[in-house]
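A.B. asks: output the structure for:
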Amino acid sequence: MSDEGSMFRGQMLWQKAQAFAVALVALVRDLPNDRAADSIGRQLFRAGSSIGANIAEGYGRYSPGAYRNHLSIARGSAFEAEGWLDLLVQSGYTSRELGELLIAQCTELQKLLSYRMKVLEQRKPRAPKDEEGTYGTT
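C.D. replies: Predicted coordinates for the structure are as follows:
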């Protein structure tokens, strides 16, 4: 593996997203074997595991704009995962304590993603302004 390819793995944001996905693996694995739990679990895992994947994919893009776009997708997935977690708790498929713990992790990811996106937006290059009268009037 190249040094460049593994650089995103050193980022705290990606590490927290991966830790969240690992916690979801354990949760989904322990869900009861019924259609509703299976359906919610699949949706939750899809949304939660895509957070880290989008952070990594965006990091691998060549432009800050593309990276920011992938962070935005990851942020949306974090909110989606929060919704699925709430549904699992409300439906009685997981304990309120575990649900709150995972929702807190999810909320932290949402905040970190928002912050990273704002930082990238501030770094965005500005287009030069045209100055009046500089284009040779004769």
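A.B. asks: all contacts plus neighbour counts: C-alpha atoms, from now on.
C.D. replies: Fine.
A.B. asks: lowest-scoring secondary structure element of the protein by mean pLDDT?
C.D. replies: Least confident helix or strand, the chain: helix 3-6 with a mean of 60, by mean pLDDT, DSSP states H and E.
A.B. asks: the very next helix or strand once past it packs against which elements?
C.D. replies: Later in the chain than helix 3-6, the nearest helix or strand by DSSP states H and E is helix 12-29. Counting contacts by 3 or more C-alpha pairs under 8 Å, 6 or more residues apart in numbering; DSSP states H and E, helix 12-29 packs against helix 35-59, helix 96-123.
A.B. asks: contact partners for the most centrally placed residue in the chain?
C.D. replies: Taking C-alpha atoms, centre = their mean, the centroid of the chain lies closest to residue 74, which sits 2.7 Å from it. For residue 74, the contacting residues are 50, 51, 52, 54, 55, 113, by C-alpha atoms under 8 Å, 6 or more residues apart in numbering.
A.B. asks: for residue 89, same thing?
C.D. replies: Each residue near residue 89 by C-alpha under 8 Å, 6+ apart is listed here: 95, 96, 99.
A.B. asks: show the pLDDT at it.
C.D. replies: In this model, residue 89 is scored at 97, pLDDT.
A.B. asks: repeat for residue 29
C.D. replies: Listed pLDDT for residue 29 reads 96.
A.B. asks: could you report the neighbour count for it?
C.D. replies: Residues near residue 29, counting by other C-alpha atoms under 10 Å, number 12.
A.B. asks: any chance of the contacts of residue 74 in a markdown table, plus pLDDT, distance to residue 42 and neighbour count?
C.D. replies: Converted to a markdown table, the contacts of residue 74 look like this (pLDDT from 0 to 100; distance: C-alpha to C-alpha, whole Å; neighbours: other C-alpha atoms under 10 Å):
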| residue | pLDDT | distance to residue 42 | neighbour count |
| --- | --- | --- | --- |
| 50 | 98 | 12 | 22 |
| 51 | 98 | 15 | 31 |
| 52 | 97 | 17 | 27 |
| 54 | 96 | 18 | 22 |
| 55 | 95 | 20 | 26 |
| 113 | 97 | 23 | 24 |
